[in-house]
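Asks: requesting a structural model of the entry that follows:
(one chain, ligands or ions: 1)
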Amino acid sequence: MKIWIDGEYVAQEDAKISVYDHGLLYGDGVFEGIRSYGGFVFQLEEHIDRLYASAKAILLTIPMEPKAMADLVCDAVRTNGLKDSYIRVLVTRGKGDLGLDMRKCPKASIIVIADKIQLFPEEVYNRGMKLIVSHLRRVPPDTLSPAIKSLNYLNNILARAEASRADCDEAILLNRDGYVAECSGDNIFAIRRGKVYTPPVYVGILEGITRNAVMHLAETKLGLKVVEQVFTVPQMYRADEVFVTGTGAEIIGVVEVNGRIIGNGKPGPLTQKLIKEFRAYACSPEAGAAVYQTASV
Ligand code: PXG
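Replies: Down below sits the predicted model:
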């Protein structure tokens, strides 16, 4: 694969950054994970918007206009001859000295990786996921806002490790008040009596782009009522269906939470309908930017 770093494509083996980059030294930077389906970059505008919002929140100036960044994402997919792909855009604080002071980092670094997507095995979609509730709480919004997609992922990584060690697929993080927030790399939904619930953004979550697309599809294609409402772990045990959404996962049914079986222990019927609708939508031109029709940067 050819990787874009600061103005040029380099071979994967040569795609390296300085050990003085504050992205590495301090996790000082932001990123996006994006997918393309059949040559269409899914929700490209939304991802670019979120990237620039994350950068603004951490006082990081991206040395490129949003439109040029959108074109670059398309170009990276095209340059690597991809149609279905996973694109990782990183903007790091750039090279500085060994102190925290961002003023010592004169220029942010831009990295764009477009590679083949490693899909979850079809088996996971069929059997569903097992979740645990992590002992770690989601970082509160007044500490490091989860709405910022920053390079600081230790909160999420340690929660995910807890899940793996318990032979589970994902971990649910609660907020400071004990309400369900989100999973380590996915948003969470519960369905009860035909109504779809998902935690509101103020609970302290990343406002997932897949989440928003799924909320829209549930309402418009399945005619379901979707509400952003706080809920607790015991309320989730009583749900008819639970599922998670994310760029990597898309939509995956949840069949167990903390050893409690959800519904009948299989991904629910509405979850399965949503997966079908999502897959049809993701491959449609209306869902994304066409990679092989846009002008090259
Ligand atoms: N919450 C968190 C904490 C995330 O990191 C999501 C929700 C879902 O957001 P989107 O916009 O993707 O629907 C994410 C993003 C991976 C991976 O390899 C997943 C994410 C980030 C980085 C890597 O599975 N999910």
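Asks: for residue 131, grab phi and psi.
Replies: phi -120, psi 150 (degrees, to the nearest 10).
Asks: show me the beta-bridge partners of it.
Replies: According to DSSP bridges, residue 170, residue 257 are recorded as the beta-bridge partners of residue 131.
Asks: report the separation between it and residue 273.
Replies: Per CB to CB, to the nearest Å, residue 131 is found 21 Å from residue 273. From N, CA and C alone the C-beta is placed, and that goes for glycine too.
Asks: higher neighbour count, those two?
Replies: Higher neighbour count among residue 131 and residue 273: residue 131, with 26 against 15, using other CB atoms under 10 Å.
Asks: and the more buried one, what is it in contact with?
Replies: 163, 168-172, 183, 242, 244, 254, 256-258 (CB atoms under 8 Å, 6 or more residues apart in numbering).
Asks: now swap in residue 114 and tell me
Replies: With CB under 8 Å, 6+ apart, residue 114 has these contacts: 1, 36, 73, 76, 77, 79, 80, 82, 85, 86, 87.
Asks: give me the neighbour count for the nearest residue to it once chain neighbours are set aside.
Replies: Among residues not flanking residue 114 along the chain, residue 76 sits closest, at 4.0 Å (CB to CB, 6 or more residues apart in numbering). Neighbours of residue 76 under the rule other CB under 10 Å: 27.
Asks: might one say that residue 76 is in contact with residue 112?
Replies: Yes: between residue 76 and residue 112 there is a contact under CB atoms under 8 Å: 4.6 Å.
Asks: got any residues that touch both of those two?
Replies: Residues touching both residue 76 and residue 112 (CB under 8 Å, 6+ apart): 4, 87.
Asks: report the distance from stretch 68-85 to the chain centre.
Replies: In terms of CA atoms, centre = their mean, to the nearest Å, the centre of stretch 68-85 is found 18 Å from the chain centre.
Asks: which of the residues in it are buried?
Replies: For stretch 68-85, the neighbour count (16 or more other CB atoms under 10 Å) marks 69-80, 82, 84-85 as buried.
Asks: cool, and stretch 40-60?
Replies: Across stretch 40-60, burial judged by 16+ other CB under 10 Å covers 40-44, 46-48, 50-52, 54-55, 58, 60.
Asks: residues from the stretch 51-200 of the chain in reach of the ligand?
Replies: When proximity is defined as CB under 6 Å from any ligand atom, the stretch 51-200 of the chain approaches the ligand at 156, 182, 185, 186, 187.
Asks: ok now the strand or helix carrying residue 41, how far from the chain's centre?
Replies: In this assignment (DSSP states H and E), residue 41 forms part of strand 40-42. The chain centre lies 15 Å from the centre of strand 40-42; the measure is CA atoms, centre = their mean.
Asks: when you give positions from now on, start the count at 42
Replies: Happy to do that; since the first residue is 42 now, the last one works out to strand 81-83.
Asks: and after that strand, which helix or strand comes next?
Replies: Toward the C-terminus, strand 81-83 is succeeded by helix 85-98 as the next helix or strand (DSSP H and E).
Asks: hmm, back to that, who are the contact partners of the residue nearest to residue 155?
Replies: Residues near residue 117 by CB under 8 Å, 6+ apart: 43, 45, 128, 153, 154, 155.
Asks: in strands, which of those residues fall?
Replies: Those of the contacts of residue 117 mapping onto strands are 43, 45, 128, 153, 154, 155, per DSSP state E.
Asks: alright, calling it a day.
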